[in-house]
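*Asks:* Got a sequence here, can you build the structure:
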Amino acid sequence: MAGVAAASGGATATNPVPSPSPTEGDPGVSEPPPETGPETASDESRNFIWLIPVLIAGAAVIVIALFALGFLDGTGATTAAPETTIPAATTIPTTTTQPPTTTTTTTPTTTSTTVPSTTIPSPGTIASVGDPIPLSSLTLKSGGIGPIAFGEPADEALGRLVSSIGEPSETGAAGEELGLCEGDDGRFVRWDGLTAVVSGTIADGTFAGYRFDAISVPTMQLDLSTPSGLRVGDTVKTLEDIYKSYRVDYISAAGTDLFQLADGDGLLLWGPVTSTEPSGRVEGIYAPDVCTS
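*Replies:* This next block holds a predicted model:
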């Protein structure tokens, strides 16, 4: 026992008990931080440098994928362009169909409307010629009106009528309906009840006939008569009395009764009557038609 104690006492004096190491000591004592010398920093740099190629390769893959999908390609935004060209193709037929339409309609319109408007003057453009002729001298004869004979130049004959009875109320084209031959080019000039017929144009034609008809307003009727005194509105009995030395015949054409006054040389005058009875009325006095005289 004493030996043990002496041994222990000697140990204390010559060999002090070492302090416990950090790993074996009190848990409450903190572990000193690791050293951060140059070797440690170089290891971290090597690790980071190794990651750069990986990041570059990954970025390249992403870019290629985006191009492949069209997100980074300029054509991706304009893929709708073919759709905008489709309406343009539909407008091409519309443009090409219009020129034939214009060409077809222009030619006949110009040709058909130019001739009548140039050759038929308006009523007010026929110039007056000579001194006025009294109405009593403008008698309705088989060869003309008073001193104005058939065959005279149309512009002179019509000019003398304008000087005597004033400007006409109407002008127009004349044909078979006014006694001209089939296919003839003619004109008419009309006053109150009196229609002068021209063979050809007014500028170059000839005075060829007349028709004098009753009008709806008797007070506006020109007071014209035959040399023997027959007037529009006289009875059939008056007609027969005035021309008792001539031949008076009656015919019917298209439902209308007509008188025909003739002598040994042929037809002198003719015209419509309301009836062939003595009480019938003379409705018109006409010169012989050009194609029948």
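*Asks:* Residue 168 against residue 162, yeah?
*Replies:* Yes. Assessed by CB atoms under 8 Å, residue 168 is found in contact with residue 162 at 7.1 Å. In this view, the C-beta of every residue, glycine as well, is placed from N, C-alpha and C.
*Asks:* For those two, list the residues in contact with both.
*Replies:* Jointly contacting residue 168 and residue 162 under the rule CB atoms under 8 Å, 6 or more residues apart in numbering are residue 126.
*Asks:* Give me the nearest residue to residue 194, chain neighbours excluded.
*Replies:* residue 212 (5.2 Å; CB to CB, 6 or more residues apart in numbering).
*Asks:* what helix or strand does that neighbour sit in?
*Replies:* Assigned by DSSP states H and E, residue 212 belongs to strand 206-213.
*Asks:* other SSEs contacting the helix or strand just after that strand?
*Replies:* Reading on from strand 206-213 to the C-terminus, the next helix or strand found by DSSP H and E is helix 236-242. Packing contacts for helix 236-242, counted by 3 or more CB pairs under 8 Å, 6 or more residues apart in numbering; DSSP states H and E, involve strand 256-263.
*Asks:* Paired strands for the strand it packs on, with orientation please.
*Replies:* strand 247-253 (antiparallel), strand 266-273 (antiparallel) (DSSP bridges).
*Asks:* Quick one: closest of these to residue 145.
*Replies:* For residue 145, the closest of these is strand 266-273, at 12.3 Å, according to CB to CB.
*Asks:* all helices for the chain, in order.
*Replies:* 2-14, 38-69, 81-119, 154-165, 236-242 (DSSP state H).
*Asks:* Point out where this structure drops to low pLDDT.
*Replies:* For the chain, the stretches flagged by pLDDT under 70 are 1-51, 54, 63, 65-124, 293.
*Asks:* Isn't residue 235 up against residue 283?
*Replies:* No. Using CB under 8 Å, residue 235 makes no contact with residue 283, being 11.5 Å away.
*Asks:* so what's the residue nearest to residue 194 up against?
*Replies:* 140, 193-195, 222, 224, 232, 284-286 are the contacts of residue 212 under CB under 8 Å, 6+ apart.
*Asks:* Check residue 138 too.
*Replies:* 145-146, 148, 164-165, 224.
*Asks:* Can you report how many residues neighbour the nearest residue to it once chain neighbours are set aside?
*Replies:* Once flanking residues are discounted, residue 138 sits nearest to residue 146: 4.2 Å by CB to CB, 6+ apart. Residues lying near residue 146 (other CB atoms under 10 Å) number 19.
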